[in-house]
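Enquirer: Give the three-dimensional model of this entry:
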Amino acid sequence: MIYDVRLTAAEIVLAVQGLKRTVARRELQAAQRASDPESVELLNKSAAEARALEDKLSDVLHQRLTQRFVDRRAALLVRRLRDEGE
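Expert: I've put the predicted structure just below:
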């Protein structure tokens, strides 16, 4: 699966941190209303959404880091070939 990789690693980290704060806040709210079945359902739904978003962010970060490595490696190989040809 390919995602848009315009996010920087720092932006992804900030997004994950914000996501974790949101989940923690929702968990606290759900715990305060633990006797309410709708709150438990909301907590489960929120946790699933958070996991899905974190998976997507992780995929984007992995793809971006992999591409950066490939680009640097390719540049190094081209440089070596050019230097050997001279």
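Enquirer: Can you get me a residue count around residue 25?
Expert: Other residues lying near residue 25 total 11 when counted by other CB atoms under 10 Å. C-betas here are computed from N, CA, C, even on glycine.
Enquirer: quick thing: my sequence starts at 78, can you match it?
Expert: Sure, I'll start counting at 78 from here, so that last one is residue 102.
Enquirer: Tell me which residues of the helix or strand where it lies come out buried.
Expert: Using DSSP states H and E, residue 102 sits in helix 86-109. By 16 or more other CB atoms under 10 Å, the buried positions in helix 86-109 come out as 89, 92-93, 96, 100, 103, 107.
Enquirer: pLDDT and distance to residue 123 added to those, as TSV?
Expert: As requested, the buried residues of helix 86-109 are exported to TSV (pLDDT from 0 to 100; distance: CB to CB, whole Å):
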residue	pLDDT	distance to residue 123
89	74	20
92	77	16
93	77	15
96	79	10
100	79	6
103	78	5
107	70	8
